[in-house]
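Novice: Sequence below, structure please.
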Amino acid sequence: MPVFLFVIPLLLLGVPWWALVVGGEDWPAAGVAAGSAAFALAYLALPALMTLGHGPRQRDGAARAGDLLLGVAWVLFTWSMLGLVTEVVLTVAGVPDPLRSRILAAAVVVVVAVLVAYGIFEARRVPRVKRVEVRLAGLGPALDGLRLAVLTDTHYGPIDRSRWSARVVEVVNGLGADLVVHTGDLADGSVSRRDTQVAPLGDVRAEHGRYYITGNHEYYSGAPGWVERMRELGWQPLINSHRVIERGGDRLVLAGIDDPTGLGHTLGGAGGGGPDLSAALAGAERELPVVLLAHQPSQVPQAEAAGVDLQISGHTHGGQIWPFHYLVLTEQPALAGLSRHGERTQLYTSRGTGFWGPPLRIFAPSEITLLTLRPEARPSA
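Specialist: Coordinates of the predicted model:
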């Protein structure tokens, strides 16, 4: 915690301070003082706001300010680093200081301002629909064209997004999906604090049902309460369990597993306590195609070993704020989109419907996904 509260902010804000204020720009003394004071204030404010907003007091106003400041600091840090690299190139090219440093400082400020504005717009808008066709071996002809809408990582939190939530539901209902799933990280906060934002999900329509699994953030926010609340809203929790989806005599297995964060916890009568794929598939006819809901892409090795045909995940947010993408890939086997793992198993990783923490999305747009299932094409003779 001390590293997160003090060391990381020092790095995130110290590099931009050096690159923009005192590196080589030779600003007037008043400008250096003002710039240094602004960065010092930000350094003091960031841990205070994050503690007040996300600590025991859970002050939403402080959380909103702290999250935004964290996002801006990350973008400043990234582009200041790129500015310092560019300065080396310009130095070799013979561009003198302080002109060189001043030009780069101005360029960094302009780029950061544009990207932050763009990132806020991208995060707050209703996600675009991403349509993906997935071919599954053994899918019966009556299930050909089955449409499965995916929501994930809505992260209802300190920013009241009740209207946004209702608009997302309108988009989902307009897709006419046969199934709708939510693959976890529903909200940040308890049911009593976030229910007005989640409640519109009760209006989602799907002929063959609405299904929900837990993500890691449910376990920071009272997972049993959220599982029960989703059940009250008409969603079926799939916590280490499965349902059989049937249409026209053809069937597939839709299974769901708990998030690894649930290890050592309990969801009461809902099961849980960590992922248990064997329990999720117990009693399922193994010749049927299996679609698995698992919050984290890193759970795909177990899916591959169990012969799952398609795993649907979220968690990565597609990186959310570039270049965080590359850090995500050190922990997860996929960032976004459809990928194959082994001979049989495919993984679809959504970039997420909402956002977590900083209200920014930069080069990682949110999505509502519509997966259309098709039988795997047979090779021609």
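
Novice: use CA for all of it now, contacts and neighbours both
Specialist: Noted.

Novice: show me where the protein has strands.
Specialist: Counting by DSSP state E, the chain forms strands over residues 128-136, 146-151, 179-182, 210-212, 236-237, 241-247, 250-256, 290-293, 310-313, 337-341, 345-349, 367-375, given from the N-terminal end onward.

Novice: mean confidence for the shortest one?
Specialist: Strand 236-237 carries an average pLDDT of 96.

Novice: who does that strand pair up with?
Specialist: strand 210-212 (parallel) (DSSP bridges).

Novice: So for residue 278, which of the strands of the chain sits nearest?
Specialist: strand 241-247 (9.1 Å; C-alpha to C-alpha).

Novice: Quick one: list the elements packing against the closest one.
Specialist: Secondary-structure packing of strand 241-247 (3 or more C-alpha pairs under 8 Å, 6 or more residues apart in numbering; DSSP states H and E): strand 250-256, helix 277-281.

Novice: CSV for those, including distance to residue 143, mean neighbour count and mean pLDDT?
Specialist: Converted to CSV, the helices and strands packed on strand 241-247 look like this (distance: least, C-alpha to C-alpha, whole Å; neighbours: other C-alpha atoms under 10 Å; pLDDT from 0 to 100):
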stretch, distance to residue 143, mean neighbour count, mean pLDDT
strand 250-256, 6, 22, 97
helix 277-281, 20, 19, 96
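
Novice: Save these as CSV, and put in distance to residue 83 too.
Specialist: Output for the helices and strands packed on strand 241-247, formatted as CSV (distance: least, C-alpha to C-alpha, whole Å):
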stretch, distance to residue 83
strand 250-256, 46
helix 277-281, 48
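
Novice: For residue 375, which of those is the nearest?
Specialist: When the helices and strands packed on strand 241-247 are ranked by proximity to residue 375 (C-alpha to C-alpha), strand 250-256 comes first, at 11.9 Å.

Novice: so the closest one versus strand 241-247, what angle?
Specialist: Angle between the axes of strand 250-256 and strand 241-247 is 150 degrees (criterion: axes from the mean of the first three to the mean of the last three C-alpha atoms, to 10 degrees).

Novice: what residue ranges in this structure score low on pLDDT?
Specialist: Counting by pLDDT under 70, the low-confidence segments of the chain come to 1, 268-272, 377-381.
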